[in-house]
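Visitor: got a sequence here, can you build the structure:
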Amino acid sequence: MYEMEKENLRRFSDYITKFLRPSVIKNFMTVYLDKEMVESILSTEMKSVTAAAQMLLDQMCYLEEVGWFQAFLDILLASEYTGLHDAIKEWNFQELEQLNEHRRFLERIEPSITKHLKPSELIAHMSGCLKPRECEEIQAEESQRGRIAASEKLVASLLRSDKPNWFKLLKIALENCDLDEARDMLETNGGAAAAKACEWDAEPEAMMTTVCFEFREEAETEDMLMSSNNSTSVAEEPGGFTGKPERSGERKLGKYQKELTAAAVQGQNTIICAPTGCGKTIVALAISEYHLKQFPEKAKIVFLATKVDVYEQQYKLFKEHFSSKDPNIRVTGMCGDMDYLSVRWLIEHHDIVVMTAQILVNALQSAEVPSLEILSLILFDECHNTTGKHPYNNIMTRYLDTKLTSSTHSLPQIVGLTASVGIGSFKNGLEAENNILQLCANLDTRVITTVTEHKDELKSYVHTPEKAFFEVQQCMSHPFIRIIKNIMSNIEQLAQKTFNIESLSNIQNREYGSQKYEQWIVSVQKSCKVLQMKNKDEERRICRELYNYTEHLRKYNDALIINEDARTKDALDYLDAFFDQVRNAGFDETERKLTALYDCQRPQLLRLATEGEQNPKLDELKFILEEEYHNNDQTRTVMFVKTRALADAMKKWIDETDSLKFLKPGVLIGKGRKSNFTGSGMTPNNQKGILESFKSSDQSKMLIATSVADEGIDIPQCNLVLMYEYVGNVVKMVQVRGRGRAEGSRCFLISSNKERIAKEKINMFKEKMVEEAIVQLQSRPADLSNKVDMLQREDKARRDHISSSPEKPKTQGSYELLCSKCKKFACMSDDIRVVQGAHHIVLDRSMFKRCTTAPHKNPRAFSGFCKKEKMLCAECKHDWGLIASYLTIQDLPLLKIESYVVQNCVTRRQDYFRRWRDVPFAMREFDMTEITPETCRPRDTAPDEV
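Guide: So this is what the prediction gives:
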C-alpha cells in the first residue's frame, strides 16, 4: 500500500529535505510515529534540519495506516508549505528547482549581507514567504543574541522557503526598509561595498516602536467627532487673523501664506509643509480660489480629509469663505454617513467638494467615478498619511498607474498639506531624505514648499510650545498586583487541566501585565479556533472553556496595565464592569467558576484600592496641574493619554480630587466599535458638545483626549499640553505639540519609562534632521525629480508583479461556518450571498434557530441596510453579526467573518479568516429573484433544523 508514494518520497528526498522542517509538522509526527522517534527527530533537528527531515522521510516509508499520505499533504498545506505541498501532490519539483539559483546566490553572499539587515523591520514586509513561527523565532533571536544572529536566522529561513517569490519579496522588503547596501548586494551579485554603520545603531528597539495593548485605544474610525460650530474658531487659522476677515467668512493671506501658495498657483504638484497653526487651510482656500479663476469652466476641486471631525471643520470653512467671496461658486461636502448621495453627481454639479478620503476610494472602486481625470485639483489635508494602505495612497496609486501607462491623460493637479514630512523610521539625514522622496513619489510631486523668505512673520503667528520632561517614580510592588497575578496563575492552571495551552503558542517568557502577554493570548485564541478533535462534543467544550479562560486572563492583564498608569481603584472598576457583563451574558459553568474566583478576592482588592498608596505618577501630575493653575488661572490644558480606559480613569481621578475638580475635564475619544471600559465610544454629537464646551466655555478648563485630537482639531485657546505616557513618532510629536497654540504655550511629557522619554528626545532631534533634509532636497531640484521618477517606476513594477500573480481560485464546494468560540454550527457557505460586493447575508431562515438577538445601541441605515439588532450565538452568546433589513426585506442575518471558523465539509479541515476576501469558497451575488415567501418568512416561524 502506498508503494508509489513511498518510492517517490525516496526519489525526491533531496528536494524535500531542502525545505521541510520536521518540527513545523510535529502534529503529524505525533499521530503516525512513536514518541521516542519523534523526540529523536526533533533532537536531530537541533543539529541539522536536513538530517532530521531525512529521518522523517525514512520513517514515513514504513507507514501502513490508511490515510497517512493525505494527512501528510494536509499538514503541509496547513503549515503553509504551499510550494512543497503542490510539488509532492503532483510529483513535479520544477518550480522548486528554479529556486536553486537564488538559494545558491544568497548562500554565497550570506556572510556579507547579514551585516546590513534589520530583521525586526524586514519581517513585517515578508509575511508572504515567512511563517509566523519563523518571524517569532527571528524576533526572539534578535532580542537574545543580537541583530547579526537574527539576520543569520532570517537567511536560514529564506534558504528553506518553498515560496517561489521569496527572492522578490526580500528585495521589496529591503527597499521598503531603505536597506540600500543589502539591496545592492542582491542586485550586483554581492559587489557592493560594506557601508559605514549608521548613527543611532545602539538605539534600543523599544524606542523605535509604539506599544499598543488590545484593550487600549483602537484605531479611530471615520465617524468621529463633529467640529465646533463656534463662528470665531477657524481650523488652523493664525492668531493674527482670528475673527478678522475682510468680509464675513473671507480670510486675508499673510506674506508667508502667499509664499506657501507660490508653486501651487503655478500649476505644480507640491507638498506644502508648514507648522501646525499657521493657517494651511487658508492657503488651501487661496489655491482653490486661484484655480477656479484660472479654469472658470473646467475646474473641479476635491478637498480630502482623513477623518469626519476634520472634514466638518474644513467644509464649514470652505462654505463660509466662498459664500462670502462668490455665492455662484458651488461648494458641497460628503462624509461617511452620507452614502445615499452620488459622488459623481456631486462632482458634476459643484465646483468644490470636501469629503473624507474613503468616500472617493469607494466611488473609484465601484466605477461610480470612472477616473480621477474628471477632476482638475485634489488637495490632501494631512498628506503625510499617503503611505501604505491608507485611502490617500489608494487614490494616488490609481493616479500614478494612469500617468505611467497613458501618454494622453489629463490628470488633476495634486497639492498636499502637512505639518511634518518626517514619515517612517530613519536614523540619519540620508534615510530621512529617502523617506521624504518616497512621500513625494507617492504624491507625484517634485516641489516641497516651505516658508523661507518670511520666517519672521511666520514666527510671530506660530507659537511653538516649550518642551519639558518629567521622569516620575514607577509604581512599585503592591499587594493588589500580587493578588491579580496569583489569580492569573490559578486560571492558567485551570486552563492547563482542560488542554495543554502551552502547545497552542510559541510565544515564550510572557510577563503578566505586558504587551507580550496580550500577544500570547491572541496566539492561543487563534490556535484554539481551529483546534480539532475526533470527539466533536469534546472539541466544542474545550474550545469554549479555553476561550473563557483566555478572555478572563486578558481582562486581568488589562487591569494590571491600568493600575500602572492610574489608580488601583480604576483597575478594580474595570474588572467590576467586566464581571457585570459576564453575569449578564451567557453565564456558563466555567464563567461561574471564574467569577467565584474573583468574588472571593474582591473584598481584599477593594480594601487595597481604598486604603492603598497613591500612584506616584498621579502625585506628579497633581503637582504640575496645581502649579500651572496657581500661576495662571486662565490656563487651558489638553492632556493626551494612550487609551480610552485611561482617559475615563483620569477624568474620575480629577473629579474626585478636591484641589483639581474645578477643572471639570471633558473627555474626547473616538467612536470605536467596542470599548469594554467606556462603553461603545462617543457619538459625534457627544464629541461635538465636549469640544464646544472646552473652546467657548469657562466651565471646562481641561480636555483629556486620545489620538482623535492629536491631528487636525482646532483648539486655539490651549496653552498647556500634557503627554501622559504618550509618545509616538516624529509626525505625532509635531501634531501633539501643535495643539498648544496660545502664546507662551508649554508641552510636558510625564513618564516613568526612561526609554519613552529618550524616544521623545530622539524625536526632537529627528525633527531637526527632517528640516535639514528638506533644505537639502530643495537645493537639488533636478536630483529630487530624478529620484522621484525612479521610485515611481520601481513602485509601478512592484504593483504590476503583484497584480500579475494568479489569485488562488475559489472552490465551489460546501463549507460550514461554525461559531469561533464554541464551534456550534451557524450556517452553510452555499446560503451566503454578497450584497454590493461588500455585505454578506444568509438566506437560510433556520439560522434563527441557532442564534439569539439583543437590541442594538446605535441602529442606523447604511448602503440600503438598516441595522436593527445584534446577532449572538444561542449557545455561548458570542457576537455573530447583525440582524438588518435590506430594501423591503426584513430580518436578514448580516455576518462578520471573524466570528466564525470555516470547516470544509469533505476534509473537515477548519480555518479562521479575518477578511471575507480570504475565504476559500465562492459566494454568489445577491439576486432579488431569490426572495421567495420561504426566505421572507418571519423568523419566529422559521422551519426547524433538519
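Visitor: residue 553 and residue 319, how far apart?
Guide: For residue 553, the distance to residue 319 (CB to CB, to the nearest Å) stands at 51 Å. Just so you know, the C-beta spots here come from the backbone N, C-alpha and C atoms, and that holds for glycine as well.
Visitor: tell me which of these two has more neighbours.
Guide: residue 553 (24 against 16; other CB atoms under 10 Å).
Visitor: what's near enough to touch that one?
Guide: 488, 491, 492, 517, 521 (CB atoms under 8 Å, 6 or more residues apart in numbering).
Visitor: pretty sure the first one sits against residue 556.
Guide: It stands for residue 488. Yes: between residue 488 and residue 556 there is a contact under CB atoms under 8 Å: 5.0 Å.
Visitor: what is in contact with these two at once?
Guide: Listed as contacting both residue 488 and residue 556 by CB under 8 Å, 6+ apart are residue 512.
Visitor: circling back to that earlier point, of the contacts of residue 553, closest to residue 897?
Guide: Among the contacts of residue 553, residue 521 lies closest to residue 897 (CB to CB), at 20.7 Å.
Visitor: quick check: which element contains the closest one?
Guide: helix 515-529 (DSSP states H and E).
Visitor: tell me how far that helix lies from the chain's centre.
Guide: With CA atoms, centre = their mean, to the nearest Å as the basis, helix 515-529 stands 17 Å off its chain's centre.
Visitor: can you list contacts of it?
Guide: Helix 515-529 has contacts (CB under 8 Å, 6+ apart) with 211-214, 501, 504-507, 509-511, 543, 546-547, 550, 553-554, 557, 820, 901, 910, 912.
Visitor: so which of those residues are in helices?
Guide: Among the contacts of helix 515-529, the members falling in helices are 543, 546, 547, 550, 553, 554, 557 (criterion: DSSP state H).
Visitor: for the residues you listed, which one is nearest residue 826?
Guide: Using CB to CB, those come closest to residue 826 at residue 543, 14.2 Å.
Visitor: who's in contact with the nearest residue to residue 901 once chain neighbours are set aside?
Guide: Spatially, and ignoring its direct neighbours in sequence, residue 901 is nearest to residue 818 (4.6 Å; CB to CB, 6 or more residues apart in numbering). Counting by CB under 8 Å, 6+ apart, residue 818 makes contact with 824, 825, 826, 900, 901, 902, 903, 910.
Visitor: quick check: residue 645 touching residue 574?
Guide: Yes: contact between residue 645 and residue 574 holds when scored by CB under 8 Å: they sit 6.4 Å apart.
Visitor: which of those two has more neighbours?
Guide: Taking neighbours as other CB under 10 Å, residue 645 and residue 574 compare with residue 645 leading, 30 against 24.
Visitor: how about the residue nearest to residue 901, secondary structure?
Guide: Assigned with DSSP: H, G, I helix; E, B strand; the rest coil, residue 818 falls in the strand class.
Visitor: also residue 629?
Guide: With three-state DSSP as the basis, residue 629 sits in helix.
Visitor: so what's it closest to, chain neighbours aside?
Guide: Once flanking residues are discounted, residue 629 sits nearest to residue 635: 5.4 Å by CB to CB, 6+ apart.
Visitor: count the neighbours of that neighbour for me.
Guide: 20.
Visitor: equivalent analysis for the one 4 residues further on, please.
Guide: Taking other CB under 10 Å as the neighbour definition, residue 639 ends up with a count of 24.
Visitor: OK, contacts around the residue nearest to residue 629?
Guide: Taking CB under 8 Å, 6+ apart as the test, what residue 635 contacts is 628, 629, 701, 719, 720.
Visitor: change it to 6 Å
Guide: For residue 635, the contact set (CB atoms under 6 Å, 6 or more residues apart in numbering) comprises 628, 629, 720.
Visitor: neighbours around the first one, how many?
Guide: Other residues near residue 628 come to 17 when the count uses other CB under 10 Å.
Visitor: excluding its backbone neighbours, what's nearest it?
Guide: residue 635 (5.2 Å).
Visitor: for the one you found, phi and psi?
Guide: Backbone torsions of residue 635, given as degrees, to the nearest 10, read phi -60, psi 140.
Visitor: distance of it from residue 277?
Guide: In terms of CB to CB, residue 635 sits 18 Å off from residue 277.
Visitor: please enumerate the strands of the stretch 401-550 of the chain.
Guide: Here the stretch 401-550 of the chain has its strands, by DSSP state E, counting those that start in this stretch, at 413-418, 448-449, 466-471.
Visitor: can I get those in a markdown table including mean pLDDT and distance to residue 305?
Guide: Output for these, formatted as a markdown table (pLDDT from 0 to 100; distance: least, CB to CB, whole Å):
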| stretch | mean pLDDT | distance to residue 305 |
| --- | --- | --- |
| strand 413-418 | 96 | 10 |
| strand 448-449 | 96 | 20 |
| strand 466-471 | 78 | 28 |
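Visitor: which stretch among the ones you listed is buried most, on average?
Guide: Burial of these is given as mean neighbour count (mean count of other CB atoms under 10 Å); strand 413-418 ranks first at a mean of 26.
Visitor: which parts of the protein belong to which domain?
Guide: 3-91, 95-187, 255-461, 479-604, 616-751, 815-936 (the TED database).
Visitor: ok, and the closest non-adjacent residue to residue 511?
Guide: Closest to residue 511 by CB to CB, 6+ apart is residue 517, at 6.2 Å.
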